[in-house]
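Novice: how does the following fold in three dimensions:
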Amino acid sequence: MPVIIPNTESSTGQTEPFGAVYDRLYGAIFGYVFRRVANYDRACDIVSETFLKACLKQSAFQSRQGVPIDAWIYRIATNEINQFFRQRHYEPVSLTQLTEDAGYDPPAPETLEAERAEAERQLAQHADFLAVQRILLTLPLPYQAVLALRYFEQKSIADIALILNKPEGTIKSLLSRGVAKLRQGMVIK
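Specialist: Model prediction:
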């Protein structure tokens, strides 16, 4: 039985079932998380937790008028990433509950292995990305989130402000300071 997000609008302004939201956003959310944590298994756990929380907290989303579901799910993912970095360990919630409650059918293991191999291959090819990411991880979490959303995810300042629930001026300031700190770290290293 598909889980429906009643009276919830996607970024296109139309109501859509949670499965369609998942299908549409999974790749983008996984890419965002993977680029932030640079570990496939941790990224899988965080993305699973993100979509589980989104599915279970549908009523919380309904009360947020004017916030697209895309921004809301990015916000959940950002919070999960921040939680991971704060705790330096991560204990994901089992998807068994989602399977039982919502009829979620996890992908086949061979699909996951192919996805993992491709993601790791692409990450290994980008030595510059890894160098920048090592420096990025030394920055405070607010700078990490803003820089990753802007430059890795190509989000606009307005979108980042929605995702992080901060004023656009704050986002611009964090971007400016974050880039300066990132440059400083690249020169020193």
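Novice: CA atoms for contacts and neighbours, from now on please.
Specialist: Noted.
Novice: what about the helices in the chain?
Specialist: 18-37, 40-56, 58-62, 69-87, 96-102, 109-124, 127-136, 141-147, 157-164, 168-188 (DSSP state H).
Novice: any chance of these in CSV, with mean pLDDT and mean neighbour count too?
Specialist: Shown next, in CSV, are these (pLDDT from 0 to 100; neighbours: other C-alpha atoms under 10 Å):
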stretch, mean pLDDT, mean neighbour count
helix 18-37, 89, 18
helix 40-56, 91, 20
helix 58-62, 70, 15
helix 69-87, 89, 19
helix 96-102, 60, 14
helix 109-124, 77, 12
helix 127-136, 76, 15
helix 141-147, 91, 22
helix 157-164, 92, 20
helix 168-188, 86, 15
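Novice: and the spatially most central residue of the chain, what does it touch?
Specialist: Nearest to the mean C-alpha position of the chain, counting by C-alpha atoms, centre = their mean, stands Ala77 at 3.8 Å. By C-alpha atoms under 8 Å, 6 or more residues apart in numbering, the residues touching Ala77 are 29, 33, 46-47, 50.
Novice: and for Glu153?
Specialist: Applying C-alpha under 8 Å, 6+ apart to Glu153 gives the contacts 28, 32.
Novice: got phi/psi on it?
Specialist: phi -100, psi -10 (degrees, to the nearest 10).
Novice: on that earlier part again, closest to Ala161 out of the contacts of Ala77?
Specialist: Distance to Ala161 across the contacts of Ala77 (C-alpha to C-alpha) is lowest for Ile29, with 17.0 Å.
Novice: in this structure the closest one contacts Val47, no?
Specialist: Yes: using C-alpha atoms under 8 Å, Ile29 is in contact with Val47, at 6.9 Å.
Novice: separation between the residue nearest to the centre of the chain and Glu110?
Specialist: Note on Ala77: its distance to Glu110, by C-alpha to C-alpha, to the nearest Å, is 25 Å.
Novice: same check, this time on Ala71
Specialist: Relative to Glu110, and taking C-alpha to C-alpha, Ala71 is found at 31 Å.
Novice: list the contacts of the residue nearest to Ala148 when sequence neighbours are not counted.
Specialist: Closest residue in space to Ala148, ignoring its immediate chain neighbours: Arg36 at 7.1 Å, by C-alpha to C-alpha, 6 or more residues apart in numbering. Residues in contact with Arg36 (C-alpha under 8 Å, 6+ apart) are 81, 133, 148.
Novice: and for Ala71?
Specialist: Contact analysis of Ala71 by C-alpha under 8 Å, 6+ apart lists 159, 162-163.
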